[in-house]
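**Student:** this is a predicted model, with the sequence first.
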Amino acid sequence: MADGPVLAHLHFGREDAERDVTEGLLLRGGFLPNAAYRGALSGRKMLIIGRKGSGKSAICMQLMADGPGGHGGGKVLVTPDEAAGEEIRRFELQGLPGDSAKALIWRYVLAVHAARHLVTHAKDAHGKRPNSVKALGRFLKQNGEATDSGRLVERLAQGARGLQTSLSLEAFGVKASVDLAQSPSEGARAARQLEIVEQGVARTFADLGCDGVVHPPLLLMVDQLEQVWSAEPDSNSMVIGLLLAAKHAASLYGRSVRFLLFLRADIYDSLSFGEGDKLHGDELRIVWTEQALRDLALTRARASVGEELGEERLWKELFPGTVGGEETVKYLFRHFLPRPRDAIQFLNLCQEKAWLEHQQEWITEADVQQAGRQFSEWKLKDLSSEYLVAHPFLNHLRPLFQNTGYVVTRAALARRFEAAAETLHHDFPAYANALTLPGVIDVLYGVGFLGVRRGNDVVFAGDDVLPVQPHETEFHVHACFRAALGATRPFDLRPYEAQFADVRNTPGDFSPTTSGTTPLNRDDRLLWELKRPGTTGRPRRRSSRPAERPHPESPRQAPGGPPGGRVHRLRDTGHASRRPCRHRARRQHPGGHATGA
């Protein structure tokens, strides 16, 4: 480790895997293998599903790396940008539904990437070029798909035109203009052309003996689909088409190729298609427990300081032992959503507060609390951004929870939502069906904003697969968002404060003043009587004599105050007002005369 305090070198890495590879800790011992990584590396799983920031791209980058932890065979990563995504979204074929048409263009992309790999791999790994390899090389060149060809969007555009009209298939002994002329539709013609290309790729794998035994198979991965997804039907078809294409290609190429698709959970869960039930065995969802995140934090801390750093030193010396009376590690991991990105951001922020801002050699409780407030503001904003496509109204639900308690009942939430429903429906008419009380609760629970009380526990999405039930009535705002919302107490309990009021001296008639002040109720009047100057602080014995009606012409007066007077605001000193009260309250007696109170 370099000279200087340990805290100066403590760092938990970059939030995004792409930067963490080049200037962070991901490939310097900061990667923690988990079930999703092991499932991907072994080839047992094809779909890696997780929330934004859950570590999908970190797994992808680790597999792409050379050396320990990386995939030992050939590897290709496809990350479509917006232009490529637009090309796929608008791809259509006469005679085929949208999902099937998108599946064909994705199958073409996968086949071309496999073909380009084989042309290079045959020379480098096998030292031979059988006829099938030569045929693939000619096909790539004739269709503008050579290794040195342009960007993905350009190749996609050319491939789409080829499927919609005719690909150059002479390399495989097929003249499309003659042999495919009898195809009944544009979709059928495209499917037949694609089958010829895929058969040529599969034949080449077999000729080279690339069956995953002699050497590891080709690993073909697709990541960052959220960059081109928009929750529109054509975007859903684009993702469904990719799933169908990967499933088809995995069956066609067997053990020669492994496919890995990294998908955000909210995108995958929004899809509905007939083949979806056949993919459950390929799914693996990334779930982070508190212990796993603690292990990740310790792994990254050790990688940054370059020495054997134990849990005791990290959490009780570099960090304070407790925060707000709670064990620090419990406090920290309770205040962010269970995913690596949040842990990295919060822990790095604590270090920056202590070392960069306060120039300390250890992190104090105040540093953690200051970092927590800033982190809370980040996460409240990030939550709306994360689900801007799927739930664009999310930011407009924030006022329902601002400056109130973080525990809210279904009844209280119903009252708040009722007041805002008309505006929400006006601003988001396309989401009117979701903008109901049960719909809003389901959304807020699903994104991790609300937890639900179940027995003695409060559970959040990810802790329990059971959705919110209609009979469940108590919800808790996640600790991550409370500081930014001003909801730091369980309930909205405001300190007692008496209000100004005018009180008519007639039975049961308490009228507010024209200024809109609130009349005193019975408890306020009793407290005022107890705190009057000259009283002992004990309540006076109530008279056994029945109360008499005041004379109807008696002047308007405050209880115990001068006729026509006001009750002044109570002060913490216990005095009713700085202005002395020179009159004593007067009570009317049956004889028509008045006595002191």
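**Tutor:** Ah, there it is. Residues are numbered from 1 along each chain as shown.
**Student:** quick one: average pLDDT of whichever strand or helix holds E195?
**Tutor:** Using DSSP states H and E, E195 maps to helix 186-208. Mean pLDDT, computed over helix 186-208, is 93.
**Student:** strand partners of the helix or strand just after it, parallel vs antiparallel please.
**Tutor:** The element immediately downstream of helix 186-208 (helix or strand, assigned by DSSP H and E) is strand 218-222. In the sheet, strand 218-222 lines up against strand 75-78 (parallel), strand 257-264 (parallel) (DSSP bridges).
**Student:** contacts for the longest one?
**Tutor:** Just to be clear, that refers to strand 257-264. Applying C-beta atoms under 8 Å, 6 or more residues apart in numbering, the set of residues contacting strand 257-264 from outside is 40, 43, 45-52, 56-57, 59-60, 63, 110, 114, 205, 217-226, 239, 242-243, 246, 249-250. (Each C-beta comes from the backbone N, C-alpha and C, glycine too.)
**Student:** narrow those to those in strands?
**Tutor:** Mapping the contacts of strand 257-264 onto strands (DSSP state E) picks out 47-50, 218-222.
**Student:** ok, so of those, who is nearest W362?
**Tutor:** Nearest to W362 among the ones in strands among the contacts of strand 257-264 is G50, at 33.9 Å by C-beta to C-beta.
**Student:** ok, the closest one - contacts?
**Tutor:** 36, 56, 264-265, 285-286, 339.
**Student:** show me what it is bridged to.
**Tutor:** R264.
**Student:** contacting residues around the residue lying closest to F393 once chain neighbours are set aside?
**Tutor:** Nearest non-adjacent residue to F393, counting by C-beta to C-beta, 6 or more residues apart in numbering: F428, 4.6 Å away. Residues counted as contacts of F428 (C-beta under 8 Å, 6+ apart) are 392-393, 396, 435.
**Student:** what residue ranges in this structure score low on pLDDT?
**Tutor:** 1-3, 24, 147-150, 176-183, 493-597 (pLDDT under 70).
**Student:** how is it carved up into domains?
**Tutor:** 45-285, 289-385, 391-485, 495-539+549-597 (automatic domain parsing).
**Student:** quick revisit: among the ones in strands among the contacts of strand 257-264, which pair sits farthest apart?
**Tutor:** G50 and L218 (24.1 Å).
**Student:** the helix holding E195: how far from the chain's middle?
**Tutor:** Chain-centre distance of helix 186-208: 41 Å, with C-alpha atoms, centre = their mean, to the nearest Å.
**Student:** now do it: which elements does it pack against?
**Tutor:** helix 98-121, helix 131-142, helix 152-164, helix 233-253 (3 or more C-beta pairs under 8 Å, 6 or more residues apart in numbering; DSSP states H and E).
**Student:** how about it: buried residues?
**Tutor:** Buried positions in helix 186-208, judged by neighbour count with 16 or more other C-beta atoms under 10 Å: 186-194, 196-198, 200-205, 207-208.
**Student:** and for stretch 33-45?
**Tutor:** Neighbour counts using 16+ other C-beta under 10 Å place 34, 36-37, 39-41, 43, 45 of stretch 33-45 among the buried residues.
**Student:** again with stretch 419-433
**Tutor:** For stretch 419-433, by 16+ other C-beta under 10 Å, it's 421, 424.
**Student:** what's the first-to-last distance across it?
**Tutor:** Separation of the first and last residues of stretch 419-433 by C-alpha to C-alpha, to the nearest Å is 17 Å.
**Student:** identify the residues contacting Q158.
**Tutor:** Q158 neighbours (C-beta under 8 Å, 6+ apart): 143-145.
**Student:** mind doing that once more with 6 Å?
**Tutor:** Contacts for Q158 (C-beta atoms under 6 Å, 6 or more residues apart in numbering) come out as G144.
**Student:** that one and V76: what is the separation?
**Tutor:** 19 Å (C-beta to C-beta, to the nearest Å).
**Student:** same deal with S256?
**Tutor:** 13 Å.
**Student:** these two: which is more packed in?
**Tutor:** S256 (21 against 16; other C-beta atoms under 10 Å).
**Student:** for the more buried one, list the residues it contacts.
**Tutor:** 205, 210-211, 217.
**Student:** which one of the ones in strands among the contacts of strand 257-264 is nearest to T328?
**Tutor:** For the ones in strands among the contacts of strand 257-264, the nearest to T328 is G50 (27.0 Å; C-beta to C-beta).
**Student:** how deep is the nearest residue in space to E308 that is not next to it in sequence tucked in, by neighbour count?
**Tutor:** By the measure of C-beta to C-beta, 6+ apart, the closest residue to E308 outside its immediate chain neighbours is R302, 6.9 Å from it. Neighbours of R302 under the rule other C-beta under 10 Å: 17.
**Student:** please apply the same query to G455.
**Tutor:** So G455, with other C-beta under 10 Å, has 6 neighbours.
**Student:** excluding its backbone neighbours, what's nearest G29?
**Tutor:** A303 (4.1 Å).
**Student:** still on that earlier bit, distance of the residue nearest to F393 relative to A421?
**Tutor:** For F428, the distance to A421 - C-beta to C-beta - is 11 Å.
**Student:** ok, now K381?
**Tutor:** Look at K381 and A421: by C-beta to C-beta, they are 24 Å apart.
**Student:** and M61, by the same measure?
**Tutor:** For M61, the distance to A421 - C-beta to C-beta - is 44 Å.
**Student:** ok, T299 next?
**Tutor:** When T299 is compared with A421 (using C-beta to C-beta), they lie 47 Å apart.
**Student:** hang on, the earlier thing: quick one: which of the contacts of F428 is nearest to G324?
**Tutor:** Checking the contacts of F428 one by one against G324 (C-beta to C-beta), the nearest turns out to be H396, at 31.6 Å.
**Student:** count of neighbours near the closest one?
**Tutor:** 15.
**Student:** contacts only, for S304.
**Tutor:** 9-11.
**Student:** G69 in helix, strand or coil?
**Tutor:** For G69, the secondary structure call by DSSP: H, G, I helix; E, B strand; the rest coil comes out as coil.
**Student:** please name the nearest non-neighbouring residue to it.
**Tutor:** Per C-beta to C-beta, 6+ apart, closest to G69 is Q62, 5.3 Å.
**Student:** doesn't F31 make contact with that neighbour?
**Tutor:** Yes - using C-beta atoms under 6 Å, Q62 is in contact with F31, at 5.2 Å.
**Student:** re earlier: in a markdown table: the contacts of S256, plus distance to R151.
**Tutor:** Below are the contacts of S256 laid out as a markdown table (distance: C-beta to C-beta, whole Å):
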| residue | distance to R151 |
| --- | --- |
| F205 | 27 |
| C210 | 27 |
| D211 | 32 |
| P217 | 26 |
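**Student:** of those residues, which is the most crowded?
**Tutor:** C210 leads the contacts of S256 on contacts (other C-beta under 10 Å) with 26 neighbours.
**Student:** any idea how far that one is from G254?
**Tutor:** 10 Å.
**Student:** thinking again about what came up before, what sits against the residue nearest to G29?
**Tutor:** A303 neighbours (C-beta under 6 Å, 6+ apart): 25, 28-30.
**Student:** residues shared between the contacts of S256 and V76?
**Tutor:** Contacts common to S256 and V76, judged by C-beta under 6 Å, 6+ apart, are absent.
**Student:** now the strands: where do they sit in the stretch 301-450 of the chain?
**Tutor:** 322-323, 326-327, 407-409, 450-454 (DSSP state E, counting those that start in this stretch).
**Student:** how many neighbours does the closest residue to Q374 other than its chain neighbours have?
**Tutor:** Closest residue to Q374 apart from its sequence neighbours, by C-beta to C-beta, 6+ apart: L349 at 6.4 Å. Residues within reach of L349, counting by other C-beta under 10 Å, total 19.
**Student:** I'd like the numbering to begin with 654 instead of 1 from here.
**Tutor:** Happy to do that; since the first residue is 654 now, the last one works out to L1002.
**Student:** wait, L1002 sits on A1024?
**Tutor:** Yes - using C-beta under 6 Å, L1002 is in contact with A1024, at 4.1 Å.
**Student:** quick one: L700 from G1115, how far?
**Tutor:** Separation of L700 from G1115 (C-beta to C-beta) stands at 18 Å.
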